[in-house]
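Enquirer: no sequence for this one, just the structure:
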DNA sequence: CTGTTAGCGCTTTCAC
DNA sequence: GTGAAAGCGCTAACAG
């Protein structure tokens, strides 16, 4: 391993001068500078970021911690990466498998020290658990759970989005709209908010709210979504619309309906939530709610930098607007 | 920031004893141990991984460096994460946007020092550029490009997979099969290998190879794939099968064919490559080649650990078998 | 414009 | 079973 003092010796200067050349922190005379750069080149020197981190207390890296690498999160991560890189830092992605233990480990554990800041999309931790998180580095939370006041937080307009999607189904003529993947009862999960939006659309249209049309799905997986919808179809419950709480569920609904010989949008209209890229390309195209990844990413990174600059700034809670995107599944 | 010496002071021991308790490297007397753990708990101490890393030279973290966070790579990353975690390390994901500069920066730059090892899926760097990469940490390469002998490398059986998919289309009755997203000419890109497999299937079936049926696509994006296929349809070139070089292209083909009123699998059979999860759930289901993420991940992590244990082990080059998965698009 | 000194927080090594 | 000293490679702070 070639170190900075090897370079310094080769160039006949002190390590500080090498450091100053490489970091451009203080002006260095042109000839000295040349000698240093030549030595760096000929020795193949690379800074040791670990040592720099330890000494300087910054890493140039931001972590985005998500439940999984899939679907919504990969599209979000891409937007966050662009935003972080635009501000001159690197982004790394970690996944927690949505478990409270792993989220806790990611965020309160020692790993936080490795980053200048962390953006976490929390689904496993409840409000009380989050409240126990104290870290030496800024944390911005994403997602739809209730979070302690003191955290910076970015969320989506879930209710408004669900209401827009469901309202659109009703407007196109659906009268019996499933809330597939929504969650009944109280709570602050993303899927309760989206169910509330579904209800609001019904109220606004003067339609009854039938609790049999709320169909929860264990883990939002393709497999469970498919099984749940097939169960509904086979139960004989008549419906002519599906508001899917996520696009994964919506895409699966397209497949399950096709499998049972129901046409979309003829027999059943379908709308999802997340506006996954793939939904715009498969037949017949999935109407969805665009969650505005760019805006979420921009806000999250803005809040993170604000807090890096001023650890005592008051916490900000941002709700990002969403937008209906109409495609073949409702047209 | 509470440090190890704060804990040592509170427990009335030396920092070495604290370190030994936390790392379980040397036996520590039970009462001492208790005092140390109590102090850790009451002070809320967390190890500083940066400092440990600098001193001990290991980080407990493996990086997977991929061109993007999407589709094939997110599914691969999930498998790699499971495998890495099973061996007691963390995985972080970085993306390069497939640019040679960023791949170079990720892998030859100082960032490599932050990890115990790196698995990189390289698409931007050619053989010569890769050959210039020398790092202090193990690197395992994934992917279909030609790589220098000295690297450990895991690749897919691309030709065999493409041949199986195309052979299946032919067996089902297709006679004019597009190679959508494949690359003509020589070369060692993934899409040339897959085109060669497409050709082999034709030869095996005694069918002519018509170069007009090889339709390259700039960047494998949904948008370009859609545009390319619509162009072919509108050109009047008759075809009754599509072998798509990736599932992203295959899924898009389903949509574009639907848009032009062609039925799948009635008018045109479609097969892809990657076996993306979504392909099993949308209508009519996309026949595909399963790239065996688990096997790729297992081999990659095995090679990485082997090299961490023995930096001088001879390089291994592994080719992972793939498997045809038949769904509605060819049934 | 350049150098010296000190030390980030931890673990390796050696000593008892 | 426990401790003291040294130092990983770098940069902040101060000095000249």
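Expert: Structure's in. What do you need? In this text the structure is predicted, and so the values were computed from the model without any measurement. Numbers count the residues shown, from 1 in each chain, chains lettered A, B, ... in the order given.
Enquirer: in stretch A:263-273, what's buried?
Expert: A:264, A:265, A:268, A:269, A:270, A:271, A:272, A:273 (16 or more other C-beta atoms under 10 Å in any protein chain shown). Using the backbone N, CA and C atoms, a C-beta is placed for each residue, glycine as well.
Enquirer: so which of these belong to strands?
Expert: Counting by DSSP state E, the part of the buried residues of stretch A:263-273 found in strands is A:269, A:270, A:271.
Enquirer: can you redo those residues as JSON lines with pLDDT?
Expert: Formatted as JSON lines, these follow (pLDDT from 0 to 100):
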{"residue": "A:269", "pLDDT": "98"}
{"residue": "A:270", "pLDDT": "98"}
{"residue": "A:271", "pLDDT": "98"}
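Enquirer: relative to residue B:276, how far out is the residue nearest to residue A:303 when sequence neighbours are not counted?
Expert: What sits nearest to residue A:303 in space, not counting adjacent residues and going by C-beta to C-beta, 6 or more residues apart in numbering or on different chains, is residue A:152, at 4.1 Å. Look at residue A:152 and residue B:276: by C-beta to C-beta, to the nearest Å, they are 34 Å apart.
Enquirer: can you pull out the helices in the stretch 1-150 of chain A?
Expert: Ranges of helices within the stretch 1-150 of chain A are A:4-11, A:15-23, A:30-43, A:49-56, A:71-86, A:100-108, A:127-131, based on DSSP state H, counting those that start in this stretch.
Enquirer: who touches stretch A:67-75?
Expert: By C-beta atoms under 8 Å, 6 or more residues apart in numbering or on different chains, the residues outside stretch A:67-75 that reach it are A:66, A:77, A:93, A:95-98, A:121, A:123-124, A:246-248, A:274, A:276-277, A:291, A:293, B:69-71, B:74-75, B:77-78, B:81, B:93, B:277.
Enquirer: filter the residues you listed down to the buried ones.
Expert: Neighbour counting by 16+ other C-beta under 10 Å classes A:66, A:77, A:93, A:95-96, A:98, A:121, A:123-124, A:246-248, A:274, A:276-277, A:291, A:293, B:69-71, B:74-75, B:77-78, B:81, B:93, B:277 among the contacts of stretch A:67-75 as buried.
Enquirer: which of these are close to DNA strand D?
Expert: Contacts with DNA strand D within these, counted by C-beta under 7 Å from any atom of the strand: none were found.
Enquirer: now do the contacts for the closest residue to residue A:277 other than its chain neighbours.
Expert: Leaving aside its sequence neighbours, residue A:277 sits nearest to residue B:222 (C-beta to C-beta, 6+ apart; 6.0 Å). By C-beta under 8 Å, 6+ apart, the contact set of residue B:222 is A:277, A:278, A:280, A:281, B:248, B:251, B:252.
Enquirer: just the residues you listed now: which is nearest DNA strand C?
Expert: Taking C-beta to the nearest atom of the strand as the measure, DNA strand C lies nearest residue A:277 of these, at 43.1 Å.
Enquirer: mind listing the helices for the stretch 201-331 of chain A?
Expert: For the stretch 201-331 of chain A, helices defined by DSSP H, counting those that start in this stretch occupy the ranges A:222-235, A:247-259, A:293-309.
Enquirer: mind giving me the packing neighbours of the second one?
Expert: Counting contacts by 3 or more C-beta pairs under 8 Å, 6 or more residues apart in numbering or on different chains; DSSP states H and E, the secondary-structure elements packed against helix A:247-259 are helix A:71-86, strand A:177-180, helix A:222-235, strand A:241-244, strand A:269-271.
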